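> Would you be able to build a 3D model of this:
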Amino acid sequence: MSNARLETRIWLLQRASAAVLGLCVIVHLGLIIYAVQDGLSAAEIIGRVSGNLAWFVFYAVFIIAVSLHAPIGIRTILNEMTTLSPKQTHLVMAILCLVILTMGFRAIIGLYTAGVGA
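Below you'll find the predicted structure:
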């Protein structure tokens, strides 16, 4: 694959992930506002979210979008502001992506299973 084609695909991936993130942030912030206005406690929120497959899928999509979007942005910054080679910036991007995925999925799995067996 040519460098120009790769850069175009990375650019498109970041724009697509930004669109998904925009929707996820709106839903997430709406939920926070709803929960705060209703006076829900953390325990009540966890009770409503844990074990709910729809919320698990929603937050999984959110995490995947973040894990794609953020590393691409960091890659761009590293390319513009450092002397790292393209291979090195891709390595940093891949590591950051894996860290975000690992931490994010650990969080939502923990939340999803929080109420199980309680």
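> List of residues touching the helix or strand of the chain with the lowest mean pLDDT?
When the helices and strands of the chain are compared on mean pLDDT, DSSP states H and E, helix 42-49 comes out lowest with a mean of 84. Contacting residues not belonging to helix 42-49 are listed as 35, 40, 55, 111-112, 114-115 [Cβ atoms under 8 Å, 6 or more residues apart in numbering]. Backbone N, C-alpha and C define where each C-beta goes, glycine included.
> Pipe those residues into JSON lines and attach neighbour count and pLDDT per row.
Listed next are those as JSON lines, based on neighbours: other Cβ atoms under 10 Å; pLDDT from 0 to 100:
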{"residue": "A35", "neighbour count": "16", "pLDDT": "86"}
{"residue": "L40", "neighbour count": "15", "pLDDT": "84"}
{"residue": "W55", "neighbour count": "16", "pLDDT": "92"}
{"residue": "L111", "neighbour count": "18", "pLDDT": "90"}
{"residue": "Y112", "neighbour count": "19", "pLDDT": "90"}
{"residue": "A114", "neighbour count": "15", "pLDDT": "84"}
{"residue": "G115", "neighbour count": "15", "pLDDT": "67"}
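> between these, which is closest to V61?
Nearest to V61 among the contacts of helix 42-49: W55, at 10.8 Å, using Cβ to Cβ.
> Which elements pack onto the helix or strand encompassing T102?
When elements are assigned from DSSP states H and E, T102 belongs to helix 86-112. Helices and strands touching helix 86-112, as assessed by 3 or more Cβ pairs under 8 Å, 6 or more residues apart in numbering; DSSP states H and E, comprise helix 42-49, helix 53-81.
> Extract the CA atoms of the least confident helix or strand of the chain and return them as CSV.
Provided in CSV are the C-alpha atoms of helix 42-49 (Å, rounded to 0.1, in the frame of the first residue of the first chain):
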residue,chain,number,x,y,z
ALA,A,42,-23.5,5.6,42.3
ALA,A,43,-25.0,2.4,43.6
GLU,A,44,-28.3,3.0,41.8
ILE,A,45,-26.5,3.9,38.6
ILE,A,46,-24.4,0.7,38.8
GLY,A,47,-27.5,-1.3,39.6
ARG,A,48,-29.1,0.0,36.4
VAL,A,49,-26.1,-0.4,34.1
